[in-house]
Structure formats: structure tokens, C-alpha cells
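Q: Below are the sequence and a predicted model; questions follow.
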There are 2 protein chains.
Amino acid sequence: MNREQLVSQIKSKKSFLCVGLDTDLEKIPSFLLAEEDPIFEFNKRIIDVTKEYAVAYKPNIAFYECLGASGWKSLKRTLDYIPNECFTIADAKRGDIGNTAARYAKTFFDKSAAGLDFDSITIAPYMGEDSVTPFLKEGKWAILLALTSNPGSNDFQQLKVKEENKLFEEVITTSRQWADSSQLMFVVGATRGEAIAEVRKLANDNFFLVPGIGAQGGSLEEVVKYGMTSDCGLLINSSRGIIYAGSDKNFDVAAGEEAKKIQTKMADFLTEYKIM
Amino acid sequence: MNREQLVSQIKSKKSFLCVGLDTDLEKIPSFLLAEEDPIFEFNKRIIDVTKEYAVAYKPNIAFYECLGASGWKSLKRTLDYIPNECFTIADAKRGDIGNTAARYAKTFFDKSAAGLDFDSITIAPYMGEDSVTPFLKEGKWAILLALTSNPGSNDFQQLKVKEENKLFEEVITTSRQWADSSQLMFVVGATRGEAIAEVRKLANDNFFLVPGIGAQGGSLEEVVKYGMTSDCGLLINSSRGIIYAGSDKNFDVAAGEEAKKIQTKMADFLTEYKIM
């Protein structure tokens, strides 16, 4: 999916919501465990009720991988079920030398390999350029970890490098030489309101994938205030806050209501900032 | 597997060789493609002829993942086939926030989840402490990327931080506060002989997993000279140089000879450095 298609979807749905599919057998309603593929059944019902409000879906690959071969089948069925107009993100945080990165690109982008054809993948930058460029296929996106929202993000990302920059800033300025904003996004955690403004200065036109709204405590308003661009430039993810909003037979109704609540706020921001 | 068991195996096999199983349908002998599970059949024959000379096996997870569910089955069969005394490494380079890292730990360490019970996993450090500690289960190892051997390793790993250290040095000194050398190894590329000496100064008693011998051009002699400790402290990986040494019906014989050649040199070094 290219940038125009993504922006067009944001405008038509009046939303920049990404739903994180961190689907966990221990957390989904127990009546689903009787199904042949409970993970897929849960995702299917979540997608049915949120697709009107969400422009993107982000399966967290760890939650599928930990079920082995059957998890990969559920992942493939889920991806096939996501409507074509939605942007899809493999939240895999891969990163390896060139020939291995090429293999990961094949895994997540080439349907003839593992049956998957995501639009994008999250990538860890530690190994540098040749670990990122194999993902820059036509119509595909690399979403590079820049400033994450977890406690450990203070360990290295905030270190001063070259006497003035911080490491995450260097990751942004360096990687922007590898690809333009039609293929390169950054992960920027929502738990650091003003930090988003700093990142926006360095990456004026890249989309940001922003986790940390909801369960991790980030504020939608702050993210918009500091991060929004003239074509939105934001995909804001909520995982647990939406998919586990309810826990009974009507869990999907609760999830849909939660997604609608966020989308309604997003529509207001899109109007306020004159994106539409 | 604990450190004593690993060192004991190094002494009894007179080897610190790790065989990298980067098994690729496009590179294995074509007659194997007629088998029901060509990846496993190839690995099985490689393991049969190298297990006398190798103390560790390192499947590169990308090569299995890109085959989807069937790749995960081949990976599981391969892991089950590796002899118990050998140290096993999931070369997965994972790294994510705490709750997701816990999921990846389950994937690779907990047989009841995805059927896999590796001894160790490679991890990208960018997301810091909470992305690493979930892997520190009893008897399991985290192998943290420090200084890698690819071109992109110059992009960030060599950046000066805190005015004097380089990022990879900071990764080493910081992460050594999270776990002791009975559970924490570092990836240190062999293509940088003297850099290994610098890393050894910072991590005097950690094992190093050293890729880059063979196809990537690193020298075994230099790695030993700069990196060996009193209980060896090295696992040196060769992937393509061994597993693709031959390409016909007797590919396994060629692989075994190549492994034996390396092991013979290693035995000499172990004697020269009085490890045995």
C-alpha cells in the first residue's frame, strides 16, 4: 500500500487508529477455546466490529510464534481476513545481516513463501543499513524502532552520541538517508508527549507508528498536538485497551465500542487540524 | 545447559565449533527436494557428520520462518534431532517490550508452547533491560548483539556515547549488570580481529558467539588470540562454509571433512592455550 492510499483511507474513515492483535489464549473469552482455531475466531470477530473505525491492524508476531506451526496458520488466516483497504503491520522487530534480512522480508512480504503479504514490518535498527534495506520492496514499508515506550528505552536510546545527539535521533537522521517517507516510518512511543515533538523536528514528513495509548498510559491529545502533520502522519495503536475491552460473549461489541470511542476523538482532531 | 556442561563438552570434543544451520531450499542438493521434509533431511545428515566436531548448533530462524508453518515443523524436528550434549542457539535476534519478550522466551525455551526448547537465543539490545531479562530463565542463555560483523555495524554500534565509550561498549557494560556470565553471552563478529580484544577487556568472563569465520572472511587465529579465556569463552560459528562445502550426493561427507578441519585447528589452540 502506498502513502496516498493510506492517507485516503485515513480521510474516508476519519481515523488513524491501528488495532493491535496481541491475541492471547489466556485472555480471550473461554467459550472461544472450543473452536478449532480460537485465535483466528477471536481476531475475526474483533476485525468485524473494528474495521469501520480502524485504518490498520498490527498482529504482534510473538503471540502467534509461541504457538508454533498452528500459530502461523492463525496468523495467515487473520491476515487474509483483514479487509484490503486496511494497512497491515507485522510487529516482528526483526533485524539481521543482509542475506538474513532478505529472508525475513520474504517471510512477511512474499505470499508465495510463508503465505503472508503484510504491507509493513517493524525493525530494530541496531545492525544498521544492510539490516533495513532488504525490506524496502515496492509498495512495502519499513517501520524502524526509534524511541520506544518501554522502561528499557532509557538504557541505550537516550544515550548521547556524537556529543550532541541522542542515539534515537541519530537512528532517525541516518536511516532517512536510506529511504524516503513513502517507505519509512518510525516507532515513537506515546508515553513521552514532548519527545514526539523532538522526533517530529527530525522527521518532518514520516509517518509515526505510536504504541502506548491505553494500557501503557499515553495521551492521544499530546501525541496529536506534537506529532500530527498536514496529511496526518500518525498511526496510533491500541491493543489490549480495545481487544480485551470485554470478556464475555459480547466481547466484540465492547471492542467495537472502544474503537468507535477512539475514532470519534480522532475525527475531531482531523477536523481541528484541518486534515479533512 | 549450564556453563560447566558447556565447558566440559568443549574439553571432551576438543572443539568450540558451532555449526550454523542456515538451511536454504535453493542451496541444498536438489535430490533432497524429493523428500517429504527436505530441510530436516538436509539438517539430519549435516548433524550426523558434524556432531563429533561441533559443540553447538545454531539454526538461523529466518530460514525456517520464511517457509511458514512447514518451516516451523522442520525447525522443531531439527532441534529434536540435535544430540542432547550439544548447546543449541535460536539465532532469532528478537527484542521487544517485557510482555512480548516473555512471549518470545516462551516460543524458544518452553517445549509446551511451540515445541521448542533451545538453550539460548540471540537478542537485539536496542529496547534495553526489560527486552532482555525475560529470557534469563534457569539454564537458559541470552546472547546479546554487541559488535556484529556486517557492514551496517558501523552505522550505530561504533557511535561514541557518553563522550568516550562506543555504543557497543555501553551495551556490554550495561547489560552485564542484568545477568552474570553464567547466562549472558555476546555476539562479537570475527571480521574485526583487534576489536575482539577491546570487547574482551569489558567482558572478561562472558562467552562470545563469534560469527563471520569462513564466508565472511574472519580469521580463527585472530579470534583465539584476542578472545580466548581460561575456560575457552568462545563459540565460533561457521554456517555456509560447512553446510554447503559439497553440493552432490556426498554433500554430507564434504561438510564433515570441513568441520573436522576446523575442529583440528581448534584442538591445537586449546592445547596451546592450556585449556585442556
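A: Cool, the structure landed.

Q: Which stretches in chain A count as helices?
A: Assigned by DSSP state H, chain A shows helices spanning A:3-13, A:38-50, A:61-65, A:68-81, A:98-109, A:111-114, A:167-175, A:193-202, A:220-227, A:240-243, A:251-272.

Q: Kindly reformat those as CSV and extend each row with mean pLDDT and distance to chain B.
A: Where C-beta positions appear, they are placed from N, C-alpha and C, glycine not excepted. Converted to CSV, the helices of chain A look like this (pLDDT from 0 to 100; distance: least, CB to the nearest CB, whole Å):
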stretch, mean pLDDT, distance to chain B
helix A:3-13, 97, 24
helix A:38-50, 98, 13
helix A:61-65, 97, 4
helix A:68-81, 96, 3
helix A:98-109, 97, 4
helix A:111-114, 96, 3
helix A:167-175, 94, 6
helix A:193-202, 90, 15
helix A:220-227, 93, 18
helix A:240-243, 95, 9
helix A:251-272, 97, 19
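
Q: from the ones you listed, which stretch is densest packed?
A: helix A:61-65 (a mean of 26; mean count of other CB atoms under 10 Å in any protein chain shown).

Q: how about the CA coordinates for that helix, as PDB?
A: This file holds the C-alpha atoms of helix A:61-65, laid out as PDB (Å, rounded to 0.1, in the frame of the first residue of the first chain):
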ATOM      1  CA  ILE A  61       4.100 -11.800  15.900                       C
ATOM      2  CA  ALA A  62       5.400 -13.100  19.300                       C
ATOM      3  CA  PHE A  63       1.800 -14.100  20.200                       C
ATOM      4  CA  TYR A  64       1.500 -16.300  17.100                       C
ATOM      5  CA  GLU A  65       5.000 -17.700  17.100                       C
END
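
Q: re the thing from before, how about a markdown table for the helices of chain A, with distance to B:S247 added?
A: Shown next, in a markdown table, are the helices of chain A (distance: least, CB to CB, whole Å):
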| stretch | distance to B:S247 |
| --- | --- |
| helix A:3-13 | 44 |
| helix A:38-50 | 41 |
| helix A:61-65 | 32 |
| helix A:68-81 | 29 |
| helix A:98-109 | 18 |
| helix A:111-114 | 23 |
| helix A:167-175 | 38 |
| helix A:193-202 | 48 |
| helix A:220-227 | 53 |
| helix A:240-243 | 49 |
| helix A:251-272 | 53 |
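
Q: which residue packs closest to the residue of the stretch 1-150 of chain A found nearest chain B, ignoring adjacent ones?
A: Nearest to chain B in the stretch 1-150 of chain A, going by CB to the nearest CB, is A:G128, at a distance of 2.4 Å. Closest residue to A:G128 apart from its sequence neighbours, by CB to CB, 6 or more residues apart in numbering or on different chains: B:G152 at 2.4 Å.

Q: Equivalent analysis for A:F109, please.
A: A:K140 (5.3 Å).

Q: Pull the contacting residues for A:A114.
A: A:A114 is in contact with A:72, A:76, A:106-108, B:65-69, B:71, counting by CB atoms under 8 Å, 6 or more residues apart in numbering or on different chains.

Q: how close does it get to B:C66?
A: Counting by CB to CB, to the nearest Å, the gap from A:A114 to B:C66 is 6 Å.

Q: swap in A:C66?
A: As judged by CB to CB, A:C66 and B:C66 stand 18 Å apart.

Q: Over to A:A101?
A: A:A101 is 11 Å from B:C66, by CB to CB.

Q: what's the answer for A:I46, then?
A: 27 Å.

Q: just checking, A:A105 touches A:S131?
A: No. Assessed by CB atoms under 8 Å, A:A105 is found out of contact with A:S131, at 10.7 Å.

Q: Excluding sequence neighbours, find me the nearest residue to A:A62.
A: Among residues not flanking A:A62 along the chain, B:R103 sits closest, at 3.8 Å (CB to CB, 6+ apart).

Q: Run through the stretch 101-250 of chain A and note the low-pLDDT ranges.
A: For the stretch 101-250 of chain A, the stretches flagged by pLDDT under 70 are A:214-217.

Q: Please repeat the previous calculation with a cut-off of 90.
A: Along the stretch 101-250 of chain A, segments meeting pLDDT under 90 span A:149-151, A:154, A:158-165, A:189-195, A:212-219.

Q: Okay, strands next: where are they in it?
A: For the stretch 101-250 of chain A, applying DSSP state E, counting those that start in this stretch gives strands covering A:120-123, A:141-147, A:160-161, A:165-166, A:184-188, A:208-210, A:234-238.

Q: Okay, and the beta partners of A:I143?
A: When bridges are called by DSSP bridges, A:I143 pairs up with A:T122, A:M185.

Q: Enumerate every residue touching it.
A: Shown in contact with A:I143 (CB under 8 Å, 6+ apart): A:89, A:120-123, A:184-187, A:209.

Q: where do the contact lists of A:A114 and B:C66 overlap?
A: A:106-107.

Q: Could you double-check that A:D48 sits in contact with A:F251?
A: No. Counting by CB under 8 Å, A:F251 is not a contact partner of A:D48; they are 11.8 Å apart.

Q: bridging residues for A:A56?
A: A:C18, A:F87.

Q: what about it, neighbour count?
A: 25 (other CB atoms under 10 Å in any protein chain shown).

Q: Same check on A:S219?
A: Residues within reach of A:S219, counting by other CB under 10 Å, total 13.
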